[in-house]
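Peer 1: quick one: sequence and predicted model below, then my questions.
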Amino acid sequence: MAIPVISAVDVSKSFGTHKVLDNVSLDVSRGEVVCMLGRSGSGKTTLLRCLNMLERPDSGAVFLNGELMGFLQKGGRLHELAARAEARQRRRLGMVFQQFNLFPHMTAAENIYEAPVHVLGRDKAEALEQAHALLARVGLKDKAAAFPEALSGGQQQRVAIARALAMGPEALLFDEPTSALDPEMVSEVLQVIRSLVEEGRTIVIVTHEIGFAREVCDRFVFMESGRIVEEGSPDVLISGGYHSATQEFMSKVL
Amino acid sequence: MTELVSETQWRLQSRAIAALPIGRRVNLTRAVAATLALLFVVFVLQGLARNHNFDWAVVRHYFFASSVLDGIKRTLSLTVISMAIAIVVAVVLANMRLSHNAVLRGIAGVYVWFFRSVPLLVLLILGFNFSIIYPTLGLGIPFGRQLFSVSLAHLLTAYWTAVLSFGLQQAAYTSETIRASILAVPNGQREAARALGMTPARSFVRIIFPQAMKIAIPPIGNDTINLLKGTALVAFIAVPDLLYSVQTIYNRTYQVVPLLMVACIWYMIFVSILSVFQHFLEKKLHRGRQVSNRPLRTRRA
C-alpha cells in the first residue's frame, strides 16, 4: 500500500482541561474524499486544523506525504519547527474556512494571486492569468475586480476555494464550507466542490450536508467526544450506522 | 356609537390614502436649535470683526513676515519628523506588546508607562538638559572598554531634543492605538494567511497591518493635529517655531493680541489641511468598503 497523503497518528489535543482530541488516528489516501461528521464540539474541526498545524497537537504526529508536520525529529524528541519552516509545509495544503476569511482589502483576483506571488514567488502576470482562469472555473469570471464585501456569501466561498487551489495543494481541507451560507447559495458551492472530487483530488471535508457527504465521499468518519467512533462507506452511514452515537445523530439529521 | 362605513367605501378610502405623496417631516426642535446656533455664530463673528483690539491691520502686516514664515517651517518640520518617528516606534512597540515573549512585552509596557507618566513639558526640559546628565554618548562593550564616544551637547541641539521628546512620547500613545487596531482585525484573517503558508512577518505586512491601519487612521490623524499644536511648547526651550517667532515680535512691539491671532490663524490653516488630508487618506484606505460618516437615518425613496 502506498504512503497516505495525510496521516494523523495518535493525535491528542486539549484546550485547558478539556480534551478535544483523544488519540485520534486517520489516514487519507491519494484521491480519496473523506467526510468528517459528528455533533458540534465532537472535535472534527480541531482534527482538521491539526492536519495543517493551525492547531499543534499536544501529542501524536501528522504526516503529509510521509513528511512529519510541524516538528523536527532530533535526538529522540520532537522539536517545534521554526515559523518559516512550518509556513513552508503549510502551503502544501489548501484550506477553506466556514467564514471564508477572504482578505477584505483585496479584490477577488488579488485574494487569489496574493500567496502565489508573495509566498511562492511566482511571476505576477502569470499568477494573475491563473487567478482569472480559477475565477472562471468557479463561475465568477466577471468578479475579478470585485471586493469581498460586494460579493454574496456563496460567491465569497467560491473565491476562497479558488484561492486555495491557486497554491497547487497536495490535498484540500474544507471546514464546514456551507454552514455560514444562506440555503439558496449552498448548492453553488457544493457544485464547485463536486467538480474537485471529479478531478480526483484528495479532500477532507467537515460538513453537516449529509446528502452531499453520501454522494461524494469515499469514506465517512464519525466523531464523538474527541474520538473517531465509527468509519466506513457512506452506505453504512445511511443505513444508520452501527454505533449508538452515529444512530442518534443520523436520526436527527435525516 | 359611531356609524360603521361599508367595506367597499373603506377600501376606496384606503387606496386614496395610499396614493398620496409623502411629505418630509420638519423636526421643530432641530430647526430651533439650528437657528439659535446660527445666531450665536453671527454674534461671535461680529465681535471679532468690530473689536479694535484685534487690530486686523497689524495681523495683515505680520501675516507673511519672514520670521513668521521661518517659524512655520520649523513647526511643520517638527510635526512631520516627530510623527514619522512616533509611527515607526509605535509599530515596533505594538508588536512587542503583542509578542509571546514576556521580556519584549515587559520592556514595551515600561516604555509606554514611562512616556505616558511624564508631562510633555517636563520631558522637553529634561531632554534639553540631557547633555548635563549624560555629557557624552558612547558605544562600548558592556562593563568593558569604550569604542567611541561623542559629545551630546553638540549632537542634541534644542531642535533635535524637541523632535525626540515629541516623537518618543507620541510613540507611547500611538502604540496603544496601533495595538488595539491590530487586535481588532478578526482572527480568521491571521488563520487564512497562515493556511496559505505565509510567515508571521509576511502575514503582518500584507494582511494584518493594512487592515489595522484602516482602523488606526482616524485616531492617528487626531494625534497629528494634537502634535502640531503641541509643538508650541518648544518656545520654552527657545526653538524659534511659529509661536516663538510671534512672541519675539510682540515682545518688541507690544501688539500681543494681533500677533497671537497671526499664530492662531496659521495653526487653523494647517489643522484644516491635515483634516482634509486625513479625509482623503481614510477614503483611500477604505478600499473595498462603503463608508458613511453620519449615523444611520431612515431614507425615503
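Peer 2: It's in. The shown structure was predicted, so the numbers you read here are calculated from the model rather than taken from an experiment. Numbering: from 1, shown residues only, chains lettered A, B, ... in the order given.

Peer 1: ok, residue A:171 touching residue A:32?
Peer 2: No. Using C-beta atoms under 8 Å as the test, residue A:171 is too far from residue A:32 to be in contact (9.2 Å). The C-beta positions use only the backbone N, C-alpha and C, and glycine is treated the same way.

Peer 1: between these two, which one's more packed in?
Peer 2: residue A:171 (24 against 19; other C-beta atoms under 10 Å in any protein chain shown).

Peer 1: name the element residue B:170 belongs to?
Peer 2: Element membership for residue B:170, per DSSP states H and E: helix B:158-184.

Peer 1: re earlier: joint contacts of residue A:171 and residue A:32?
Peer 2: Counting by C-beta atoms under 8 Å, 6 or more residues apart in numbering or on different chains, the shared contacts of residue A:171 and residue A:32 are A:5, A:202-203.

Peer 1: between those, identify the one with the most neighbours.
Peer 2: residue A:203 (25 neighbours).

Peer 1: what pairs with it across the strands?
Peer 2: Residues in a beta bridge with residue A:203, per DSSP bridges, are residue A:33, residue A:172.

Peer 1: show me what contacts residue A:46?
Peer 2: A:13, A:20-21, A:55.

Peer 1: is it possible to get TSV of these that adds pLDDT?
Peer 2: Shown next, in TSV, are the contacts of residue A:46 (pLDDT from 0 to 100):
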residue	pLDDT
A:13	96
A:20	94
A:21	95
A:55	94
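
Peer 1: please flag which of those residues sit within strands.
Peer 2: Mapping the contacts of residue A:46 onto strands (DSSP state E) picks out A:13, A:20-21.

Peer 1: show me where chain A has helices.
Peer 2: Remark: helices assigned in chain A by DSSP state H are A:44-51, A:83-90, A:108-118, A:124-137, A:153-165, A:183-198, A:210-216, A:234-238, A:244-253.

Peer 1: and the ones you listed as JSON lines, adding mean pLDDT?
Peer 2: Shown next, in JSON lines, are the helices of chain A (pLDDT from 0 to 100):
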{"stretch": "helix A:44-51", "mean pLDDT": "95"}
{"stretch": "helix A:83-90", "mean pLDDT": "93"}
{"stretch": "helix A:108-118", "mean pLDDT": "96"}
{"stretch": "helix A:124-137", "mean pLDDT": "96"}
{"stretch": "helix A:153-165", "mean pLDDT": "97"}
{"stretch": "helix A:183-198", "mean pLDDT": "94"}
{"stretch": "helix A:210-216", "mean pLDDT": "88"}
{"stretch": "helix A:234-238", "mean pLDDT": "79"}
{"stretch": "helix A:244-253", "mean pLDDT": "80"}
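
Peer 1: just put those in CSV and tack on distance to residue A:63.
Peer 2: Shown next, in CSV, are the helices of chain A (distance: least, C-beta to C-beta, whole Å):
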stretch, distance to residue A:63
helix A:44-51, 10
helix A:83-90, 11
helix A:108-118, 23
helix A:124-137, 28
helix A:153-165, 20
helix A:183-198, 22
helix A:210-216, 24
helix A:234-238, 26
helix A:244-253, 27
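
Peer 1: which of the ones you listed sits closest to residue B:94?
Peer 2: helix A:83-90 (18.8 Å; C-beta to C-beta).

Peer 1: and chain B, is the closest one touching that?
Peer 2: Yes. Contact of helix A:83-90 with chain B (C-beta under 8 Å from any C-beta of the partner chain) involves A:83-84, A:87-90.

Peer 1: so which of those is the most crowded?
Peer 2: Highest neighbour count within the residues of helix A:83-90 next to chain B: residue A:90, with 25 neighbours (other C-beta under 10 Å).

Peer 1: can you list the weak-confidence ranges in the stretch 1-150 of chain B?
Peer 2: The stretch 1-150 of chain B contains residues with pLDDT under 70 at B:1-4.

Peer 1: what parts of chain B come near chain A?
Peer 2: Residues of chain B lying near chain A (C-beta under 8 Å from any C-beta): B:186, B:188-189, B:191-200, B:202, B:206-207, B:210-211, B:214, B:287-290.

Peer 1: find the centremost residue of chain A, please.
Peer 2: Closest to where the C-alpha atoms of chain A average out (C-alpha atoms, centre = their mean) is residue A:173, at 1.3 Å.

Peer 1: for the nearest residue to it once chain neighbours are set aside, give me its contacts.
Peer 2: Spatial nearest neighbour of residue A:173, excluding adjacent residues (C-beta to C-beta, 6 or more residues apart in numbering or on different chains): residue A:95 at 4.6 Å. Contact partners of residue A:95, counting by C-beta under 8 Å, 6+ apart, are A:52, A:54, A:164, A:172-175, B:192, B:195.

Peer 1: alright, that wraps it up for me.
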